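**Q** Provide a 3D model corresponding to the input given below.
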Amino acid sequence: MKRIILSGGGTGGHIYPAVAVAEALKRKYNEDVEILFVGAEGKMEMEKVPALGYRIESLPVVGLQRRFELANLTIPFRLVASIRRAKRIIREFGADIVVGFGGYASAPILWAAQRLGIPTVIQEQNSYAGLTNKLLSKRAKRICVAYDKMERFFPKERIVMTGNPLRGRFSSNNNRKEALAHYGFNEELPVVLVVGGSLGTRTLNEMMKAWILTLNGTAPVQVIWQTGKFYESEMKEFLAQHPTANIWQGAFIERMDYAYGAADVVLSRSGACTVSELCLVAKPTIFVPSPNVAEDHQTKNAMALVEKGAAEIVRDSEAVERGMREAVALALDVERREQLSANIASLAISDSAERVVMEIESLLTARK
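**A** Numbering: from 1, shown residues only. Now for the predicted structure:
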């Protein structure tokens, strides 16, 4: 029986790659693997992971607040307590290997494993490495990455290009006719997908409002506008007051396969997993990176593609004025769309989770 600990949390960008690897481990080893997740007390992984059928243990670790708060004074004590608890978890579980997916939640368990002589693997989702992964990479046996030039942060000889593990199946070969019908769209006008995450993005919603006010009740392209749960009622009320043909609006997109299948252009934030999805579906994309992310990860993720001619970028501060104007122009420029689609498709890695599992397997074999 192989016993593997997976750790990462705080955001879906750390949790779901870990879950994707867990699913790939189950596919490979069936009943011959036992998986334990380790997360941070009170964070979303403590709810999301058990809901998916996996066991999880928590640590009292907390992240550093960027502005001064009294909670920062407790960090050293919580870290020491977390490391002690992590060592106990590793021993009681009998871990053969520990895999970290970033975020402060993974720091104590990786650090403890390395001191106990347990092999560790790090998976870095972003093009600019996070602090936890940078600090712990020195003793990691493998560092799985999704972007090139990561030797800036990690020991070159231990870097493996795996891409970002994603849950579900993404493909550029969706049934466009069926996807268009799902949104009540036709094949005459191109489609722009505006998506800002499950909670929504104020910038993208304000961008849509500003653009709609310039129209005369009919959009020149068809738009799938995902407002997010937080902004749902406000944006629904706005569209009711300014009814505009050719716009589908919703808080959530239940069928992302249909959204991607219908879209000719995507206008989106540039979180690591979102970028990897867009590579797999090969969609011409305009990124609007969030400025509210640690170490400006989203801008760096977007620029890694822009520099390869695989995407375009509009800064958050300019998006309300320029975002939809640029998206409509791109939607009407078939030659540019084809170029972007080909370039972004060349960056796709469809078997990322399996690649991470291969690295885990090689370390397990070496331990025998």
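**Q** Report the contact partners of L59.
**A** With contact taken as C-beta atoms under 8 Å, 6 or more residues apart in numbering, L59 is in contact with V38, G39, A40, E41, S82, R85, A86, A105, P108, I109. Every residue, glycine included, has its C-beta placed from N, CA and C.
**Q** Among the residues you listed, which lie within strands?
**A** V38, G39, A40 (DSSP state E).
**Q** ok, the first one touching I5?
**A** Spelled out, it's V38. Yes: using C-beta atoms under 8 Å, V38 is in contact with I5, at 5.9 Å.
**Q** what sits in contact with each of the two?
**A** I89, I109.
**Q** Which neighbouring elements make contact with the helix or strand hosting R27?
**A** In this structure, R27 sits in helix 12-29 according to DSSP states H and E. The contact analysis (3 or more C-beta pairs under 8 Å, 6 or more residues apart in numbering; DSSP states H and E) places helix 12-29 against strand 2-7, strand 33-40, helix 45-51, strand 120-124, helix 272-281, helix 352-367.
**Q** any chance you could map the strands in the stretch 251-368 of the chain?
**A** 265-268, 285-287, 312-313 (DSSP state E, counting those that start in this stretch).
**Q** Distance to S198 and mean neighbour count added to those, as JSON lines?
**A** Listed next are these as JSON lines, based on distance: least, C-beta to C-beta, whole Å; neighbours: other C-beta atoms under 10 Å:
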{"stretch": "strand 265-268", "distance to S198": "13", "mean neighbour count": "27"}
{"stretch": "strand 285-287", "distance to S198": "18", "mean neighbour count": "27"}
{"stretch": "strand 312-313", "distance to S198": "23", "mean neighbour count": "18"}
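**Q** To L332, which of those lies closest?
**A** For those, the distance to L332 is smallest for strand 265-268, at 9.5 Å, taking C-beta to C-beta.
**Q** What lies in contact with that closest one?
**A** Outside of strand 265-268, the residues within contact range by C-beta under 8 Å, 6+ apart are 190-196, 204, 260, 274, 278, 283-288, 323-324, 327, 330-331, 337.
**Q** Now do Q249, the pLDDT please.
**A** You'll see Q249 listed with a pLDDT of 96.
**Q** In stretch 289-301, which residues are buried?
**A** For stretch 289-301, burial by neighbour count (16 or more other C-beta atoms under 10 Å) applies to P289, S290, V293, H297, Q298, T299, K300, N301.
**Q** give me the low-pLDDT residue ranges for the stretch 151-300 of the chain?
**A** Applying pLDDT under 70 to the stretch 151-300 of the chain flags the ranges 169-174.
**Q** doesn't A113 make contact with V98?
**A** Yes: counting by C-beta under 8 Å, V98 does reach A113; the two are 4.0 Å apart.
**Q** Which one's more surrounded, the two?
**A** V98 (29 against 26; other C-beta atoms under 10 Å).
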